[in-house]
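>>> here are the coordinates; sequence isn't available:
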């Protein structure tokens, strides 16, 4: 089985698991999963985010998952606890399809590396769902 087919099958399993946990079975798209990663990284679970904060949460998630390949590096957090990232390598993708594939790979890796990261109020951590889906 090709690597692309394996990634697609594993990603579909992640989507199914997270969709059941967070969206009553309605399929989550990549943006929704990236948003969930951003909330996880920020660590502020019980609040409503403004539209610009939601965009910032997605940026946090993208930086986090791409940090595993050394593309971004955490600079620190501001007084409100929001992380700030620095681009340390050029982005390796040139089109939307390559970008989506890379983000899925790194989101999968994010779940595999962190193990039992808990989301307050949830029985199991978000990234344990990634690990379950990818057989880790």
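Perfect, I can see it now. Values in this document were obtained by computation on a predicted structure and should not be read as measured data. Residues are numbered from 1 along each chain as shown.
>>> below-threshold pLDDT in this protein: ranges please.
Along the chain, the parts satisfying pLDDT under 70 run over 1, 93-94, 106-136.
>>> quick check, central residue of it?
residue 37 (3.7 Å; Cα atoms, centre = their mean).
>>> residue 3 versus that residue, what's the distance?
22 Å (Cβ to Cβ, to the nearest Å). C-beta here means a position set from N, CA and C on the backbone, and glycine is covered the same way.
>>> now swap in residue 54 and tell me
Look at residue 54 and residue 3: by Cβ to Cβ, they are 32 Å apart.
>>> how about the strands in this structure?
Using DSSP state E, the strands of the chain run over residues 72-77, 83-87.
>>> what residues sit buried inside the first one?
Think strand 72-77. Using 16 or more other Cβ atoms under 10 Å as the test for burial, strand 72-77 gives residue 72.
>>> what does that strand rub up against?
Contact with strand 72-77 is made by 63-64, 66-67, 83-88, as judged by Cβ atoms under 8 Å, 6 or more residues apart in numbering.
>>> what do you get if the cut-off is 10 Å, keeping everything else the same?
The contact list for strand 72-77, computed with Cβ atoms under 10 Å, 6 or more residues apart in numbering, reads 41-42, 59-60, 62-67, 83-89, 91.
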